[in-house]
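In: From the sequence below, what's the structure:
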Amino acid sequence: MFKTNKISYFNVYTIAEVGCIINRSERTVRDFIKDGLKTIDDKRPFLIRGYDLIEFLKAKNVQNRHQTSFDEMFCIKCREVRHPKARQIQIHNSNNRQFISVSAVCSVCGCTMNKAYKLEQLGDLKRNFNIVEKLSISDSGNCPVNCRLSDSINRQKNGSYKKEQLCMQFS
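Out: Down below sits the predicted model:
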């Protein structure tokens with residue numbers, strides 16, 4: 001998601017300045033130019049109008065959004081909308097009193113998926129999902145974020161773990 005609040009509508013920016021403003025590399029900005037970001041002319045240094053940059057980034061933000069239904073989440077690894085594995089979710093405390101943070105495991109790749117729901121939707125969440133205290137995965141091929149190996153597993157002689165012995169839990 002690109003923030004456009006630091007971009008002045010009437011200013012003109014170089015590639016390096018645009019990269020600093022949007023927190024991306026100059027290579028990314030050059031790729032944006034190839035993808036259709038307008039420059040003032042074809043001469044170097046490339047100059048980009050603020051209003052062209054704002055328009056381009058807003059279009060990129062809309063293009064990168066994925067609509068999910070109530071019982072779906074977006075898996076970052078699969079880059080697809082997926083249903084949670086075994087319809088299990090974990091609810092986290094949120095600093096915002098209007099929203100609830102929910103985590104689940106992707107039914108295809110086993111990575112964690114996150115989504116925010118409104119506080120009023122808590123009853124619907126309880127009806128549609130199984131709420132668990134901890135999410136667990138038995139497949140060790142895809143390690144999700146914030147996972148740890150249990151210490152009770154025996155190591156092989158070379159210090160590695162046998163794949164079938166691995167058991168992961170979210171902390």
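In: Remind me what the strand or helix carrying Cys20 packs against, helices and strands.
Out: Using DSSP states H and E, Cys20 sits within helix 15-22. Here helix 15-22 touches helix 26-34, going by 3 or more C-beta pairs under 8 Å, 6 or more residues apart in numbering; DSSP states H and E. To be clear about C-beta, it is placed using only N, CA and C from the backbone, and glycine gets the same treatment.
In: ok now the helix it packs on, how far from the chain's centre?
Out: 22 Å (C-alpha atoms, centre = their mean, to the nearest Å).
In: Buried residues, the helix holding Cys20. List them.
Out: Ile15, Glu17, Val18, Gly19, Ile21, Ile22 (16 or more other C-beta atoms under 10 Å).
In: want to throw these into TSV with distance to Arg97 and pLDDT?
Out: Listed next are the buried residues of helix 15-22 as TSV, based on distance: C-beta to C-beta, whole Å; pLDDT from 0 to 100:
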residue	distance to Arg97	pLDDT
Ile15	42	96
Glu17	38	96
Val18	37	96
Gly19	37	95
Ile21	32	95
Ile22	31	95
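In: Let me know the closest of those residues to Lys38.
Out: Val18 (12.2 Å; C-beta to C-beta).
In: doesn't Leu53 make contact with the closest one?
Out: Yes. Contact between Val18 and Leu53 holds when scored by C-beta atoms under 8 Å: they sit 6.3 Å apart.
In: need the contact list for Ile76.
Out: Cys111, Met113 (C-beta atoms under 8 Å, 6 or more residues apart in numbering).
In: and it, how far is that from Ser25?
Out: 21 Å (C-beta to C-beta, to the nearest Å).
In: and if you look at Val105?
Out: As judged by C-beta to C-beta, Val105 and Ser25 stand 33 Å apart.
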